[in-house]
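A.B. asks: structure of the sequence below:
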Amino acid sequence: MKIGRSIRRMLRGDITTQTVACEVVRRTISAIGRWRERSMLERWDVQGARLHPPFSRMEAPALLEHFQTRTQPRFLPGFSEPPGVLANLQHRLFPNETTELFATAQLIADTHCWSLLGLGNKCFGSPPDWHRDPLSGLAWPLEYHAAINLFRGDGSDARTLWELNRLSHLITLARSYTVKNDERLSEEFLQQVASWHSRNPYGRGANWNCAMEVALRAMNLLAAFEVFRHSHYLDEQALDMLLAVFDHHGRFIRQNLEFSYIGTSNHYLSDTVGLLWLGIMLPELEQAGDWRDFGLRELLREMDKQVLADGADYEAATGYHRFVLELLLYTLILCRANAIEIDERYWKKLHQMLEYVGAYLRPDGFAPLIGDSDSGQVLPISRHRADDHAYVLATGAVIFNDPRLKLPGTAMPQELLWILGEQGVGTYQQLRPDETSRGSRGFPEAGIYILRDDDLYLLFNASGAGVNGRGSHGHNDALSVEVSACGRAFIIDPGTYVYTRDLHERHLFRSTAYHSTVEIDGAEQNTTEEQIPFVIGNEAQPRLLEWETESELESVMAEHYGYRRLPQPVTHRRRVVFNKRQRYWFFSDELTGAGEHDLSFRFHLAPGLETSVRSDGFVEVCDKMNGARLLIIARELNTASACYPELETRSSSRDYGAKELSVSACWSRRTALPFALQFVLVPIRAGEDEDERLNMAIDFES
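C.D. replies: Below you'll find the model as predicted:
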């Protein structure tokens, strides 16, 4: 049974027989490689860094002096600035954030407590217990990395453990050290890395289970090392330890690449980026040339594969779009700093990725969390919530000298200073933000369509499962919507919440019933299994039928086929019309097929809103803070009777590991097909006359 399910999972999506054959051979070779690796773990664990001549012949003091004084290679421009310049700019541009930076760094050094994902501050012990799950308190075993089961069913969460072991908090120590010149922080950095190195023997434990995690940890360590290599606490012994850590990380990534002929993802992309960074920044290591050449070649190949023609990441998840964008943006900047030529077409792809973010950001500046989001960041200069994507645009605005990426009313992010330095800050300050209202945009490759004008925003989701039908981070959200008005998000995607910690919650958050679309007979649009949290079918395959944005009545229409596998097949078609002048949206949901079915039409509402079902059948959603309201009105086709909904208890998550109570407005029917239900969504600003707004909105009989 398990073998059969494994084969079916492998054969998902659009793949050829030749591809399957290549994958079988690859997995066989990989299994042999792991057998050899397992036999070599103890030897590799005690092996020091493999240095390239002439560095291998240097005496320890000379090698230390080399690393403390070298000017090439160059790290990201901001980190390479003289400490005095960085300190002055940090204090002047970000006074409040600087105070917070000092306090956070001191907390890390004094108590070994820091913030983790959406979980708030956690304390990890002295020295930190690198194997204890921060949520469940359970320890992860020090077994051979490939033998560890990540789905333990005991409340532990590998993703949270991995976040701890990405060691991104060491960047906080490094930044505070640069600005404050507190040598106690460099001592703390070296002690923590030594602690991690001694308690994580090569290839053993959950912290070596995933090459992507090893790569991200290596990148964070490289950033911190760029700062602390100048400290007088860095002696010959500490340098020897750090170089061994870097060499171990590079060796492991190269031998455990998360490549597959059937499909690659942000994991393999992270592997290639990690190798490229190690290869660029540590040419003293024997394998650096191979890592650099392989990493660059594979990075560009994956960029061709994973970035769609309209600039969206192909995993059908905005959270992973942000993550991949950071991977590529920072890496291409690092390449440019070291005179590594990148073909112009890859810079154009990067620019398209930034434009996609600018298009999908809501008027409140936050992102819709389409598909999965684990709150992952690359090189976290400062911590950002999963739905905060705007900060990446500032760096893009400077790199491409594009004022459209400088959002009006948005504060300069600290990332800009530390990634691009003083010159980047100056360029950004000279850019005049584009004050023109962003208009509607369609991204056909991604399947995302945005109808917007002024403060009105609707995102229509016609994306597939992702990864050419082999999705792992897509949700059952075909034809779902997000709606914002009057400065407030009213209808949202619920987000992700958790992965392996709670498979039932994981299943709920990616289910059809948690999204603003139509559920039929309690079935999922695409097949999912609760016990297999990173596999989703590709039955829905949404198809665009209409996209019109050249008039005051803009419209989008699509249908999907996820319910054709029911005993009595059904097709769901949804059309949305946006009346820009009269400020409302009109929905038409048509269900075609035969027989009787249970139909549920839902809108998932944002947390913090006051929601009620009025006596006239309208759903009223109110933001008490600014007095804005959204009325949702439903009518059956060719009838004048109101459809009365129910309010269902739901949850929403804006950050991994955190959730808030919210509600879903649901209109349920058991009826014969064909059937149609129409909705009008009318936003009302504080002080506006409701009757006037409704009279302006629409004549239901027309």
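
A.B. asks: quickly list what residue 600 is bridged to.
C.D. replies: Taking DSSP bridges as the rule, residue 600 bridges to residue 519, residue 668.

A.B. asks: can you count the residues close to it?
C.D. replies: As a burial measure, residue 600 scores 20 neighbours (other C-beta atoms under 10 Å). Any C-beta I mention is one placed from the backbone N, CA and C, and that applies to glycine too.

A.B. asks: then residue 394?
C.D. replies: Counted with other C-beta under 10 Å, residue 394 comes out at 26.

A.B. asks: sec struct for it, please.
C.D. replies: helix (DSSP: H, G, I helix; E, B strand; the rest coil).

A.B. asks: if I pick the closest residue in space to it that isn't next to it in sequence, what's in contact with it?
C.D. replies: Nearest non-adjacent residue to residue 394, counting by C-beta to C-beta, 6 or more residues apart in numbering: residue 416, 4.8 Å away. Contacts of residue 416 were listed using C-beta atoms under 8 Å, 6 or more residues apart in numbering, and they are 78, 394-395, 398, 424-425, 428.

A.B. asks: could you do residue 332 as well?
C.D. replies: Applying C-beta under 8 Å, 6+ apart, we find residue 332 in contact with 342, 346-347, 350.

A.B. asks: in a strand, residue 373, correct?
C.D. replies: No. Applying three-state DSSP, one finds residue 373 to be coil, outside a strand.

A.B. asks: can you pull the contacts of the most centrally placed residue in the chain?
C.D. replies: The structure's the chain has its C-alpha centroid closest to residue 319; by C-alpha atoms, centre = their mean the separation is 2.5 Å. Going by C-beta under 8 Å, 6+ apart, residue 319 touches 369, 371-376, 386, 473, 496.

A.B. asks: out of these, which is nearest to residue 360?
C.D. replies: Nearest to residue 360 out of those is residue 369 (C-beta to C-beta; 10.5 Å).

A.B. asks: tell me the secondary structure for the closest one?
C.D. replies: coil.

A.B. asks: doesn't residue 493 make contact with it?
C.D. replies: Yes. Using C-beta atoms under 8 Å, residue 369 is in contact with residue 493, at 5.1 Å.

A.B. asks: who's more crowded, the two?
C.D. replies: residue 493 (29 against 26).

A.B. asks: and the pLDDT for the more buried one?
C.D. replies: Each residue has a pLDDT score; the one for residue 493 is 97.

A.B. asks: now it: which helix or strand?
C.D. replies: Secondary structure assignment for residue 493, by DSSP states H and E: no helix or strand.

A.B. asks: settle this for me: it is touching residue 372, isn't it.
C.D. replies: No. With contact defined as C-beta under 8 Å, residue 493 does not reach residue 372; the gap is 10.7 Å.

A.B. asks: what is in contact with these two at once?
C.D. replies: Common contact partners of residue 493 and residue 372 (C-beta under 8 Å, 6+ apart): residue 475.

A.B. asks: okay, now residue 51: neighbour count?
C.D. replies: Residues near residue 51, counting by other C-beta under 10 Å: 18.

A.B. asks: make residue 1 into 393 and carry on from there
C.D. replies: Noted, 393 is the first residue going forward, which turns the last one into residue 443.

A.B. asks: what about residue 766, distance to residue 550?
C.D. replies: According to C-beta to C-beta, to the nearest Å, residue 766 and residue 550 sit 11 Å apart.

A.B. asks: could you name every residue contacting both of these two?
C.D. replies: Shared contacts of residue 766 and residue 550, defined by C-beta under 8 Å, 6+ apart, comprise residue 891.

A.B. asks: the helix or strand harbouring residue 1072 pairs with which strands, parallel or anti?
C.D. replies: Assessed by DSSP H and E, residue 1072 sits inside strand 1067-1076. Applying DSSP bridges, strand 1067-1076 is found paired with strand 976-985 (antiparallel), strand 1021-1028 (antiparallel).

A.B. asks: would you turn those strands into JSON lines with mean neighbour count and mean pLDDT?
C.D. replies: Formatted as JSON lines, the strands paired with strand 1067-1076 follow (neighbours: other C-beta atoms under 10 Å; pLDDT from 0 to 100):
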{"stretch": "strand 976-985", "mean neighbour count": "20", "mean pLDDT": "97"}
{"stretch": "strand 1021-1028", "mean neighbour count": "22", "mean pLDDT": "93"}
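
A.B. asks: could you dump those to a markdown table with distance to residue 804?
C.D. replies: Formatted as a markdown table, the strands paired with strand 1067-1076 follow (distance: least, C-beta to C-beta, whole Å):
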| stretch | distance to residue 804 |
| --- | --- |
| strand 976-985 | 34 |
| strand 1021-1028 | 33 |
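
A.B. asks: nearest to residue 419, of those strands?
C.D. replies: Comparing these under C-beta to C-beta, the one sitting nearest is strand 976-985, at 41.1 Å.

A.B. asks: next up, phi/psi of the closest residue to residue 891 other than its chain neighbours, please.
C.D. replies: Nearest residue to residue 891, sequence neighbours excluded (C-beta to C-beta, 6+ apart): residue 551, at 5.1 Å. Dihedral pair for residue 551: phi -60, psi -40, per degrees, to the nearest 10.

A.B. asks: which stretch of helix or strand covers residue 576?
C.D. replies: Remark: residue 576 resides in helix 575-591, with elements defined by DSSP H and E.

A.B. asks: please save the CA atoms from that helix in CSV.
C.D. replies: What follows is helix 575-591 as a C-alpha-only set of coordinates in CSV (Å, rounded to 0.1, in the frame of the first residue of the first chain):
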residue,chain,number,x,y,z
GLU,A,575,33.2,43.1,22.2
ARG,A,576,31.1,41.0,24.6
LEU,A,577,28.8,40.3,21.5
SER,A,578,31.7,38.9,19.5
GLU,A,579,32.6,36.6,22.4
GLU,A,580,29.0,35.5,22.6
PHE,A,581,29.0,34.8,18.8
LEU,A,582,32.0,32.6,19.0
GLN,A,583,30.7,30.7,22.1
GLN,A,584,27.4,30.0,20.4
VAL,A,585,28.9,28.8,17.2
ALA,A,586,31.4,26.6,19.1
SER,A,587,28.4,25.2,21.1
TRP,A,588,26.5,24.5,18.0
HIS,A,589,29.5,22.8,16.3
SER,A,590,30.2,20.6,19.3
ARG,A,591,26.5,19.5,19.8
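
A.B. asks: contacts for it?
C.D. replies: If you take C-beta under 8 Å, 6+ apart as the criterion, helix 575-591 is touched by 497, 500-501, 519-520, 522-523, 557, 559, 562, 565-566, 568-569, 613, 616, 620, 623-626, 630, 633-634, 636-637.

A.B. asks: where's residue 940 relative to residue 832, distance?
C.D. replies: 10 Å.

A.B. asks: how about the secondary structure of residue 498?
C.D. replies: Under three-state DSSP, residue 498 falls in the helix class.

A.B. asks: tell me, how many residues neighbour it?
C.D. replies: The local packing of residue 498 (other C-beta under 10 Å) involves 17 other residues.

A.B. asks: straight-line length of stretch 547-565, end to end?
C.D. replies: 31 Å (C-alpha to C-alpha, to the nearest Å).

A.B. asks: report the distance from that stretch to the chain centre.
C.D. replies: Mean-position distance between stretch 547-565 and its chain equals 16 Å (C-alpha atoms, centre = their mean, to the nearest Å).

A.B. asks: show me where pLDDT drops low in this protein?
C.D. replies: For the chain, the stretches with pLDDT under 70 are 393-406, 1029-1035, 1090-1094.
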